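Novice: Mind folding the following:
(chains A, B and C)
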Amino acid sequence: MSSTLSEAYNRLLQRYGRQGWWPADSPLEVMVGAVLVQNTAWRNVERAIENLREAGLLDARRLAKLHAAELAELIRPAGYYRLKAARLQNLMRLLVERYDASLERMFDADPHLLRDELLAVKGIGRETADAILLYAANQPFFVVDAYTHRVLARHGWIDFEADYDALQSHCTSELPNDVAVYNEMHALLVEVGKTHCTKKQPLCEGCPLEDMLPSSGVQEPW
DNA sequence: TGCCAGGCCGGGT
DNA sequence: ACCCGGCATGGC
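Specialist: Numbers count the residues shown, from 1 in each chain, chains lettered A, B, ... in the order given. Prediction:
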């Protein structure tokens, strides 16, 4: 018995192939990228991360103690740069101060407890926390983002009014509880979203989910 | 040119 | 419990 979302997963995987997310070289880089990508195009984040790499700063202790203004300049291409410099340092300080800068120790903690700790960091919300848990810690937390919301709602699979928790519950109940599936599905939703489900696109010409649209159409609040 | 992108927070009702 | 403005760069 296959859910609607599983059907969508199969089609997206067939059309786009494995995405192999997160696009980063290390778990620490995943954490950095997860903060920098907040409401920002990934293209801009790549430059910021490259700046950090060239400066030899992809390191928790160094990031944590760097002057905020210097960090801000380096990550400028990612936008909201003063804000994100502070957020990034808040996150790095959790890692350094509570886990002695050891990702192994951090990811050895109880995942739900760690999620609460991440959420307690100013600047880390649910999506960012779940992205870190899924893509850095390899724990089965489904990552909900704007594309998840738009794709699911436009197909009538969930209310437009649904909040993060509702979307996450929906996805985890319709998909196998499997890190690899959560990993791929989120990445695939971003991919299909970017190509077929942006704010303006009338709808879904050539989208692999085209024939799964509701026949009567769905009204969008925006 | 204006709108948009892989959010989150803080203040106001 | 909502609702909203602010935060900022680069691409189309």
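
Novice: was I right about residue A:207 contacting residue A:197?
Specialist: Yes: contact criterion CB atoms under 8 Å: residue A:207 and residue A:197 qualify, at 7.3 Å. C-beta coordinates here come from the backbone N, C-alpha and C atoms, glycine included.

Novice: residues in contact with the strand or helix carrying residue A:52?
Specialist: Following DSSP states H and E, the helix or strand that holds residue A:52 is helix A:42-54. With contacts defined as CB atoms under 8 Å, 6 or more residues apart in numbering, helix A:42-54 is touched by A:23-24, A:29, A:32-33, A:36-37, A:58, A:63, A:74-79, A:81.

Novice: could you pick out which of these are near DNA strand C?
Specialist: For DNA strand C, the contacts drawn from the contacts of helix A:42-54 by CB under 7 Å from any atom of the strand are A:76-79, A:81.

Novice: Top of those by number of neighbours, please.
Specialist: Neighbour counts for these (other CB atoms under 10 Å) peak at residue A:78, which has 27 neighbours.

Novice: Pull the number of nearby residues for the closest residue in space to that one that isn't next to it in sequence.
Specialist: Using CB to CB, 6 or more residues apart in numbering and skipping the chain neighbours, the partner closest in space to residue A:78 is residue A:48 (3.9 Å). Neighbours of residue A:48 under the rule other CB under 10 Å: 24.

Novice: Say whether DNA strand B is contacted by stretch A:7-20.
Specialist: No: shown here: stretch A:7-20 not in contact with DNA strand B (CB under 7 Å from any atom of the strand), separated by at least 8.8 Å.

Novice: Also stretch A:188-198?
Specialist: Yes: counting by CB under 7 Å from any atom of the strand, DNA strand B has neighbours in stretch A:188-198: A:190, A:193-194, A:198.

Novice: any idea how far the residue in chain A that DNA strand B sits nearest to is from residue A:39?
Specialist: At 2.3 Å from DNA strand B, residue A:125 is the closest residue in chain A, using CB to the nearest atom of the strand. As judged by CB to CB, to the nearest Å, residue A:125 and residue A:39 stand 11 Å apart.

Novice: Which one's more surrounded, these two?
Specialist: Neighbours were counted for residue A:125 and for residue A:39 using other CB under 10 Å; residue A:125 has more, 13 against 8.

Novice: Identify the residue spatially nearest to the more buried one, adjacent ones excluded.
Specialist: Residue A:125 sits nearest to residue A:119 (CB to CB, 6+ apart), 7.2 Å away.

Novice: Give me the number of neighbouring residues for the one you found.
Specialist: Applying other CB under 10 Å, we find 13 residues neighbouring residue A:119.

Novice: how near is it to residue A:105?
Specialist: The spacing between residue A:119 and residue A:105, counted by CB to CB, is 19 Å.

Novice: could you pull out the helices for chain A?
Specialist: A:4-16, A:27-36, A:42-54, A:60-65, A:68-74, A:81-93, A:99, A:103-108, A:111-119, A:126-135, A:146-154, A:164-174, A:179-196 (DSSP state H).
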